[in-house]
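Peer 1: sequence first, then the predicted structure:
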Amino acid sequence: MLRKARAYCGLIGVRREVKEYWKIVPGGEARLEEIRWDISIPEDICTFNTEAFWLVLPNHYKTINKAELESALHAIEHALLTVIPKWINCDPNDIKGAYTTECPKSGGNPIIFIFDKYPGGIGLARSCFQRIHDMLRDCIRLIETCKCKEETGCPSCIQTSRCERQNKNLNKKLALKILKEVTPNSL
Ligand SMILES: [Zn+2]
Ligand SMILES: [Zn+2]
């Protein structure tokens, strides 16, 4: 049993849409321009159903400043994506995460999703769900044992090269606090 949080496993619908992109110099790292794309182009929207597990966090976290809570959920998502391949022996590119500070379908609670990247699912999220306690404890270990001092973490703990948000908005300290509060035998 998770403390104060609930974990579920099932089918979810995923919708992917381009919201912003960068213009860059080919072969270089310089960003020429960051472009927000406010219009929806149906051909660029990808939707599919897949298997997922999700953590519903207690309602009281909503009292935390929204941007701060978002950065903690983002960090927990990254930590999970980092430890999962070790526990279920999968390719890190076969799973993906998402989070929201307020999910209307769960009574408005904050949620973190981990899902199979393939339509219909390939059983990875289901396997994760069976090891959820081990994985959450491993996330705590990953963050606690990293010696980096920055709140935004480092590539050894909560940063990942697969982040589509360029590792922006990460909060290691708050992520650790939440993980310890919801994981059994962790305090
Ligand atoms: Zn670190
Ligand atoms: Zn990210």
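Peer 2: That came through, no problem. Ligands and ions are numbered 1, 2, ... in the order given.

Peer 1: what secondary structure does the closest residue to ligand 2 within the chain sit in?
Peer 2: Proximity of the chain to ligand 2 (C-beta to the ion) peaks at Cys163, 3.2 Å away. Placement of C-beta: from N, CA and C, glycine included. State at Cys163, reduced to three classes by DSSP: H, G, I helix; E, B strand; the rest coil: coil.

Peer 1: in this structure it contacts His78, no?
Peer 2: Yes - using C-beta atoms under 8 Å, Cys163 is in contact with His78, at 6.7 Å.

Peer 1: which of the two has more residues huddled nearby?
Peer 2: His78 (26 against 16; other C-beta atoms under 10 Å).

Peer 1: doesn't that one lie inside a helix?
Peer 2: Yes - according to three-state DSSP, His78 belongs to a helix.

Peer 1: that one reaches Gln159, doesn't it?
Peer 2: Yes - the criterion here is C-beta under 8 Å, and His78 meets it with Gln159 at 6.8 Å.

Peer 1: what do the two both touch?
Peer 2: Counting by C-beta atoms under 8 Å, 6 or more residues apart in numbering, the common neighbours of His78 and Gln159 are 153, 167, 170.

Peer 1: got a winner among these for most neighbours?
Peer 2: Neighbour max across these (other C-beta under 10 Å) = Leu170, 28 neighbours.

Peer 1: what sits against it?
Peer 2: Contacts of Leu170 by C-beta under 8 Å, 6+ apart are 71, 74-75, 78, 151-153, 158-159.
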